[in-house]
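>>> Sequence plus the predicted model coming up.
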Amino acid sequence: MTELQGRIAIVTGASRGIGEATAERFAAAGAMVIAAARTIGDETNPEPDTLSHTVAQIRARGSEAHALAVDLARPESRAAFIDAVLKRFGRVDILINNAGIAGLGARSWDMPDKHFRRVFEVDVFAPRDLMMRVIPGMIERGYGRIVNVSSTVADRAAPNPEGPPFFDFHRRAGVSAYCSAKSALNLFTRAVAAELQGSGVSANIVSPVNSVMTRGTRELMAKGVVKAERVRTPEDPETMAEAILALCAADPATTNGLTTYSGQYLAAIGRAVRGRDGGVFDAGIATESVRY
């Protein structure tokens, strides 16, 4: 399938996990991928969990990809990154804001102010800045797709709005920064989507139905922040990648401003998960979140 043939796509956080899977899946669908993360890695000897490895995997399959470094926590780095992309490639057709930090492990009153602010810088202001830089060109060309990767903690898995009892995870994991940042991202995305309606540009949100088993998830489990039972039905990164691709392939007239959940969305539109190379992939799609 070449649903994104000829399109230029930025994928942030593309060195591992969901971002890596998305970059590879987009390349298989015909896009030229700009893989972004803080560091590129050794391009002569690519190692896993580096941008150079992601790009090498894509190029090995005959597709085009480029690695660009950006520190999303720094506004000046974000600006320089977009400047470099536009100067080198001329345009951005698709923006996938996948990179984010959780800030778990400290309760609100124990979390340093600079840490709370950094979560918002990476999870809210970085996507916002990148969107604001690429949207004018998208509108001018009449084509653009933006997908912001969120989390169920932003809404349906957030602390109980009806009050006690609260899940143990929310009581001890220190989710205040992450919950509020992802909630802000969701509402911002939907507000921008309303402004974009009819322009040929869409902005949508997608969250994993359940925890995606990435290195980051394993690190949180090792620290005891995330319990093993929370990931008893883990989600493959490929499921998220397919949902992100499906949102980009959809008609912006009807698929815009949606808050979607990976497996649920794919099941609703009748779309199977494909592998990173576009081939057959055996994914057990979950449509219900694990309560924790």
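Everything's here; your move. For clarity, every value in this text was computed on a predicted model and none was experimentally measured.

>>> gap between the closest residue to Ala102 other than its chain neighbours and Thr152?
Once flanking residues are discounted, Ala102 sits nearest to Tyr178: 4.9 Å by C-beta to C-beta, 6 or more residues apart in numbering. For every residue, glycine as well, the C-beta is placed using N, CA and C. Distance from Tyr178 to Thr152, counting by C-beta to C-beta, to the nearest Å: 11 Å.

>>> what do you get for Ala27?
Ala27 is 28 Å from Thr152, by C-beta to C-beta.

>>> hey, where'd the strands end up in the stretch 51-200 of the chain?
Secondary structure of the stretch 51-200 of the chain by DSSP state E, counting those that start in this stretch: the strands cover 65-69, 94-97, 144-149.

>>> Adding mean pLDDT as columns, could you present those in CSV?
Shown next, in CSV, are these (pLDDT from 0 to 100):
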stretch, mean pLDDT
strand 65-69, 98
strand 94-97, 99
strand 144-149, 99
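
>>> how about JSON lines for the ones you listed, with distance to Gly103 and mean neighbour count added?
Below are these laid out as JSON lines (distance: least, C-beta to C-beta, whole Å; neighbours: other C-beta atoms under 10 Å):
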{"stretch": "strand 65-69", "distance to Gly103": "22", "mean neighbour count": "20"}
{"stretch": "strand 94-97", "distance to Gly103": "17", "mean neighbour count": "28"}
{"stretch": "strand 144-149", "distance to Gly103": "16", "mean neighbour count": "28"}
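
>>> Take those strands and write them to JSON lines, including distance to Val11.
Formatted as JSON lines, those follow (distance: least, C-beta to C-beta, whole Å):
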{"stretch": "strand 65-69", "distance to Val11": "9"}
{"stretch": "strand 94-97", "distance to Val11": "5"}
{"stretch": "strand 144-149", "distance to Val11": "10"}
